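Novice: model the following, please.
(one chain, ligands or ions: 2)
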Amino acid sequence: MARLVIVSNRVPVPRPRERPQAGGLAVALKEALATREALWFGWSGQTGPRTGGEPTIVTIGQTTFATIDLSAEDYRLYYTGFSNGMLWPLLHYRMGLAEFRREEWEGYRRVNAAFAQALVPLLREDDTIWVHDFHLFPLAAALRAAGARQRIGFFLHVPFPPLPLFRALPQCNILLRELAACDLVGTQTETDAANLREGLRSAGFDVPVRAFPIGIDAEEFAREAERAVRGPEARRLAGSLGGRALILGVDRLDYSKGLPQRLRGFAALLRRFPEHRGRVTLLQVAPVSRGDVGQYRALRRELDELAGRINGEHGDIDWVPVRWMTRAVPRATLAGFHRLARVGLVTPMRDGMNLVAKEFVAAQDEADPGVLVLSCFAGAADELKGAILVNPHDPDEIAEGLNAALVMPASERRARWTADIAVLRRNSAAAWAEGFLAALAEHAAEPARAGGW
Ligand code: ADP
Ligand code: F6P
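Specialist: Ligands and ions are numbered 1, 2, ... in the order given. Modelled structure (predicted):
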């Protein structure tokens, strides 16, 4: 079997004496990596005197991790600036939050070229290269320019907006042209695929674009949840609830996740359905993410204030309605919290997939499952038909969804959960990775495409 080369901005290099990291990508690729030789290349997560240079190599089993540093300036331009300050809001349909600066665009392309320069000497002729996410749109073209002839696939983990919106990016056609150096492009949903296909066609490229909704290892997560729910943290949480129903939110602290809207929806529940007052607790875990970006700092201040205001207005001497945590909680511990929760509240304004929604479903006790209240703008809404779908722009709709979930009889909860878990078991993480790689093998018309770009 040909070696698989994964390229992503972040690389989950296992650290000595730490449990393996469990980011969405690492989890999704676990089985693909377990069954073949692989090289995983990307940023070390560190800044150094310059971008690139000799990669740091760590080999564990069949997987080799190769990482390079970024200079402090490139970190600012490529990661904080263009990737997170411009592309992230644009791809999440939030043009009003996007800030474009020419020097950041140039830094972004420079870092992609540096990735290609550092990666090409590590490649073998028959490697299959799989590039991940929006940080690396230009990488395939940079690899081709540096001489790579291997088949290259690209998977976009986040949404892709309709073309008129994407055209707000001054260099949109250059970005699309560089992406077109791939043999296959994958997206999370059919909507994203249609938008990206239209973008590529409008720029004169006909690369295959197909939806491959990312999955999770539902069985593994369920086992983790069963274990963790008996662990000390879940027991502490259960004990502290005093019999109240737990509504759980788990997200990075990111404006795409709809956190202020979620808190307003919860406040609307307490106002409009007073029978739940004193009987429910919302635990929102939202560790700080991308704290160097201005919009993220402003969001944190807004949420600190909002959580405080809701507790001030609705709380009682023996009841704090919102428990607000910006500290990171290990994923295994969270699995136990999901299993304890009566409601999983996942309300992004726009999300590529949202793995948390899938993890909530996987963690439930089949005899007495909780209910997922899910934004209709999460990619996961295409698959999880057993969830209560809400429009996160409307706090009243969130409140109504929460109320419906809280009063739902066990038989209906079981029926909805059974439908969703079947979808998750069918579209596992392993099936997602193998499906993409099989399609890439089919689509890559080597060597014609490689030479012809
Ligand atoms: P995103 O990729 O935008 O962060 P996802 O919902 O797809 O959104 O989450 C990716 C992964 O990160 C999931 O596996 C989830 O368990 C993990 N994760 C998300 N939020 C937290 C959190 N607050 N603490 C620990 N892990 C988290
Ligand atoms: O899922 C989208 C994504 O941008 C991933 O590519 C990334 O690893 C994750 O969110 C967390 O963001 P960051 O790497 O910027 O901390």
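
Novice: every contact and neighbour count from this point should use C-alpha atoms.
Specialist: Will do.

Novice: got the contact list for stretch 291-301?
Specialist: Residues from elsewhere that reach stretch 291-301 (CA atoms under 8 Å, 6 or more residues apart in numbering): 80, 81, 84, 85, 97, 253, 254, 255, 288, 289, 290.

Novice: which residues touch the closest residue to ligand 1 within the stretch 101-250 of the chain?
Specialist: Residue nearest to ligand 1 within the stretch 101-250 of the chain: residue 250 (4.7 Å; CA to the nearest ligand atom). Contact partners of residue 250, counting by CA under 8 Å, 6+ apart, are 284, 285, 286, 346, 356.

Novice: just name the closest of the residues you listed to ligand 2, please.
Specialist: residue 356 (11.2 Å).

Novice: mean confidence for stretch 411-421?
Specialist: What stretch 411-421 shows for mean pLDDT is 98.

Novice: sorry, wrong one. I was asking about stretch 221-235.
Specialist: 98.

Novice: try stretch 263-273
Specialist: For stretch 263-273, mean pLDDT is 98.

Novice: one more: stretch 332-339?
Specialist: Averaged across stretch 332-339, pLDDT comes to 97.

Novice: for residue 238, grab the count of nearby residues.
Specialist: By the criterion of other CA atoms under 10 Å, residue 238 has 18 neighbours.

Novice: got the CA coordinates for stretch 173-187 in PDB?
Specialist: Written as PDB, here are the backbone C-alpha positions of stretch 173-187 (Å, rounded to 0.1, in the frame of the first residue of the first chain):
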ATOM      1  CA  ASN A 173      -9.400  33.600  -8.300                       C
ATOM      2  CA  ILE A 174      -5.700  33.000  -7.400                       C
ATOM      3  CA  LEU A 175      -6.700  30.900  -4.400                       C
ATOM      4  CA  LEU A 176      -9.100  28.800  -6.500                       C
ATOM      5  CA  ARG A 177      -6.500  28.400  -9.300                       C
ATOM      6  CA  GLU A 178      -4.000  27.100  -6.700                       C
ATOM      7  CA  LEU A 179      -6.500  24.800  -5.200                       C
ATOM      8  CA  ALA A 180      -7.200  23.400  -8.700                       C
ATOM      9  CA  ALA A 181      -3.700  21.800  -8.700                       C
ATOM     10  CA  CYS A 182      -5.300  19.000  -6.600                       C
ATOM     11  CA  ASP A 183      -6.800  15.900  -8.100                       C
ATOM     12  CA  LEU A 184      -9.800  15.800  -5.800                       C
ATOM     13  CA  VAL A 185     -11.400  18.300  -3.400                       C
ATOM     14  CA  GLY A 186     -13.600  17.100  -0.500                       C
ATOM     15  CA  THR A 187     -16.100  19.100   1.600                       C
END
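
Novice: got phi/psi on the residue in the stretch 201-350 of the chain positioned nearest to ligand 1?
Specialist: Using CA to the nearest ligand atom, residue 251 is the residue of the stretch 201-350 of the chain that sits closest to ligand 1, at 3.6 Å. With angles defined as degrees, to the nearest 10, residue 251 sits at phi -160, psi 160.

Novice: please apply the same query to residue 212.
Specialist: Main-chain dihedrals, residue 212, degrees, to the nearest 10: phi -130, psi 90.

Novice: for it, which non-adjacent residue is closest in space?
Specialist: Take residue 212 and drop its neighbours on the chain: the residue closest to it by CA to CA, 6 or more residues apart in numbering is residue 188, 5.4 Å away.

Novice: try residue 395
Specialist: Closest residue to residue 395 apart from its sequence neighbours, by CA to CA, 6+ apart: residue 265 at 3.9 Å.

Novice: same question, residue 2
Specialist: Closest residue in space to residue 2, ignoring its immediate chain neighbours: residue 127 at 5.6 Å, by CA to CA, 6+ apart.

Novice: was I right to think the residue of the stretch 201-350 of the chain closest to ligand 1 contacts residue 287?
Specialist: Yes: between residue 251 and residue 287 there is a contact at 7.3 Å, judged by CA atoms under 8 Å.

Novice: those two: which has the busier surroundings?
Specialist: Applying other CA under 10 Å to residue 251 and residue 287 shows that residue 251 carries more neighbours, namely 23 against 16.

Novice: next up, the contacts around that one.
Specialist: If you count contacts by CA under 8 Å, 6+ apart, residue 251 has them with 257, 285, 286, 287, 356.

Novice: quick one: residue 219 from residue 421, how far?
Specialist: Note on residue 219: its distance to residue 421, by CA to CA, to the nearest Å, is 10 Å.

Novice: mutual contacts of the two, please.
Specialist: Joint contacts of residue 219 and residue 421 (CA under 8 Å, 6+ apart) are residue 362.

Novice: compare those two (neighbour count), which wins?
Specialist: residue 421 (21 against 15).

Novice: let me see the contact set for that one.
Specialist: 218, 361, 362.

Novice: what sits closest to the first one if chain neighbours are left out?
Specialist: The spatially closest residue to residue 218, leaving aside those adjacent along the chain, is residue 362, at 5.1 Å (CA to CA, 6+ apart).
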